[in-house]
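**Q** Sharing a model prediction with you, sequence too.
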Amino acid sequence: MSARTTSSFPWVGLVVLAGAIFSSVTSEFLPTGLLPDMARDLHASISQVGLLVTIFAGTVVLSAMPLSALTRNFSRKSLVVVVLLVNAAAGVLAAIAPNYEVLLGARVLGGLAHGLFWAVVGAYAAHLVPKPQIGRAVAITSGGGTAAFVLGVPVGTALGHALGWRLAFASIAVVMVVLAILVVRFLPAVEHRVSLSTGEIPLPARRDRTLPGVIVVCLIIVVMATGHNLFYTYIVPWLIGVVHFSESAVAPLLFLYGGAGAIGLALAGVIADRLPRRGVLIVSGAVLLAVTALALVSQVPWAAVVAFAFWGAVFGGLPAMFQTRMMHVASPRIRDLASALFTTSFNLAIGGGAFLGGALLDRFGLGVLPFVDIAFIVLGLVVSVVSSAWLDARERPLTSPIVQE
């Protein structure tokens, strides 16, 4: 029986999910804070090490949907445990990798686990609570992602600078094992398959009325997140090379960014269910202002710090708002599919952004990255505005009393 049938809000289970997300997101983005260290140790360029982010994300893009389909009848809780342990193994392999090629293999293994992880976890919170509480539940679990930027990546960066990047990867692997144990003990199991009514004929997902809306949300995510990641993947070299901060200042700056993101996430939890569409537009506009300010004041360190913190605050809640929007748009029958598409979209953007950012860096230098990000944000806003009326028109019949689920 699903945990959503209980009368109490599933705080413990959601917090455990948040912890699992914390470890997974930290593992994914750990290289971004350690690019110079890893490049020196592996005798590679910064753009080559940045390619590890692209390979990881590309693996997620290629594997999330097939693995989600293959495991659709398996227990969601068991899958969370399995993917955490596989991701931990990938972290250990990365820590002991003798060369770039082995490290690349470790990232592919981690990407396989990460894709299935998000295909399962992305919809787990929606299975735990009724629809009016999805935004609240998603904000709690998304707190794990924010915590990864507040603590995971900054602490991993500091640890990597002090004791070596390999120890940072080994440490997050240990955290994942601990989280797998906590999932076994505290995460409620859910029934993710929707039972058919008497006489109802099962329809393939491609014929679900809500699928076009899900695809529109995915398109917006790809555009917005590509712009973000082509800049953020190389934020450490940018802070050092453009704003001229020292390497020792990087970890505190990442901590500031993540801490500001926690504020944004708290606000997202308040408005995500009330304004699932307009809230995304408002916050996306604020992200545009933040990146523009950061690009324009890059030669003034104190002003860059303020703009950087503002960027963290406004972007911090955006993924949770996109996820809430996705769960509101998708019918219960395709929530797992929508979750797989959600993680595929984000990782397509992460990988594509890292690749594009590296190419721009090699050809034009670090200074161009925030301006290209701005162009992508503007494009994302245009797509959002153009598609919003059509999407609302499709959703309106679905919320009428006759067909409401």
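**A** Cool, the structure landed.

**Q** Do me a favour and average the pLDDT over stretch 157-167.
**A** Mean per-residue pLDDT for stretch 157-167: 87.

**Q** mind listing what residue 90 touches?
**A** With contact taken as Cβ atoms under 8 Å, 6 or more residues apart in numbering, residue 90 is in contact with 27, 106, 107, 109, 110, 113, 173. Where C-beta positions appear, they are placed from N, C-alpha and C, glycine not excepted.

**Q** do you know how far the closest residue to the first one other than its chain neighbours is from residue 361?
**A** Just to be clear, that refers to residue 27. In this structure, residue 27 finds its nearest non-sequential neighbour in residue 172, 5.1 Å apart by Cβ to Cβ, 6 or more residues apart in numbering. Going from residue 172 to residue 361 by Cβ to Cβ, to the nearest Å gives 26 Å.

**Q** Just want to know which of the two has more residues nearby.
**A** residue 172 (27 against 23; other Cβ atoms under 10 Å).

**Q** who's in contact with that one?
**A** Counting by Cβ under 8 Å, 6+ apart, residue 172 has contacts 23, 26, 27, 30, 91, 152, 156.

**Q** still on that earlier bit, the residue nearest to residue 27: what secondary structure?
**A** helix (DSSP: H, G, I helix; E, B strand; the rest coil).

**Q** per-residue confidence at it?
**A** pLDDT, read off for residue 172, is 91.

**Q** quick one: average confidence on stretch 32-47?
**A** Stretch 32-47 carries an average pLDDT of 83.

**Q** Can you give the contact residues for that stretch?
**A** Here stretch 32-47 makes contact (Cβ under 8 Å, 6+ apart) with 31, 48-50, 52-53, 99-100, 103, 153-154, 156-157, 160-161, 164-165, 168, 232-237, 240, 247, 250-251, 254, 358-359, 361-362.

**Q** Just the buried ones from these?
**A** Neighbour-count burial (16 or more other Cβ atoms under 10 Å) applied to the contacts of stretch 32-47 gives 31, 48-50, 52-53, 100, 103, 153-154, 156-157, 160-161, 165, 168, 232-237, 240, 250-251, 254, 358, 361.

**Q** among those, which are in strands?
**A** Applying DSSP state E to these, no entry is found in strands.

**Q** quick one on the thing from earlier: got CSV for the contacts of residue 90, with neighbour count, distance to residue 225 and secondary structure too?
**A** CSV is the format used below for the contacts of residue 90 (neighbours: other Cβ atoms under 10 Å; distance: Cβ to Cβ, whole Å; DSSP: H, G, I helix; E, B strand; the rest coil):
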residue, neighbour count, distance to residue 225, secondary structure
27, 29, 18, helix
106, 22, 24, helix
107, 27, 19, helix
109, 18, 23, helix
110, 30, 19, helix
113, 26, 21, helix
173, 22, 26, helix
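
**Q** Which pair of the residues you listed spans the longest distance?
**A** Largest separation among the contacts of residue 90 by Cβ to Cβ: 107 and 173, giving 13.3 Å.

**Q** Give me the neighbour count for the residue lying closest to residue 174 once chain neighbours are set aside.
**A** The shortest distance from residue 174 to any non-neighbouring residue, by Cβ to Cβ, 6+ apart, is to residue 88 (7.6 Å). For residue 88, the neighbour count with other Cβ under 10 Å is 24.

**Q** Could I get the contacts of residue 90 in a markdown table, plus columns for distance to residue 337?
**A** Converted to a markdown table, the contacts of residue 90 look like this (distance: Cβ to Cβ, whole Å):
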| residue | distance to residue 337 |
| --- | --- |
| 27 | 25 |
| 106 | 29 |
| 107 | 26 |
| 109 | 24 |
| 110 | 23 |
| 113 | 19 |
| 173 | 30 |
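
**Q** close enough to count as contact, residue 216 and residue 387?
**A** Yes - with contacts counted by Cβ atoms under 8 Å, residue 216 reaches residue 387, the gap being 4.9 Å.

**Q** between these two, who's got more neighbours?
**A** The neighbour comparison of residue 216 against residue 387 (other Cβ under 10 Å) goes to residue 216, with 20 against 16.

**Q** pLDDT score for that one?
**A** Listed pLDDT for residue 216 reads 89.

**Q** and it, what element?
**A** Using DSSP states H and E, residue 216 falls within helix 211-232.

**Q** pLDDT weak spots in this structure?
**A** Applying pLDDT under 70 to the chain picks out residues 1-7, 191-207, 269-273, 275-277, 391-405.

**Q** that older thread, just the buried positions in the strand or helix carrying the residue nearest to residue 174, please.
**A** Secondary structure from DSSP H and E places residue 88 in helix 76-96. Of the residues in helix 76-96, 76-77, 79-95 count as buried by neighbour count, 16+ other Cβ under 10 Å.

**Q** hang on, the earlier thing: sort out which one of the contacts of residue 90 lies nearest residue 369 for me.
**A** Nearest to residue 369 among the contacts of residue 90 is residue 107, at 22.3 Å by Cβ to Cβ.

**Q** So the closest residue to that closest one other than its chain neighbours: helix, strand or coil?
**A** Spatial nearest neighbour of residue 107, excluding adjacent residues (Cβ to Cβ, 6+ apart): residue 56 at 4.6 Å. Secondary structure, three-state DSSP: residue 56 is helix.
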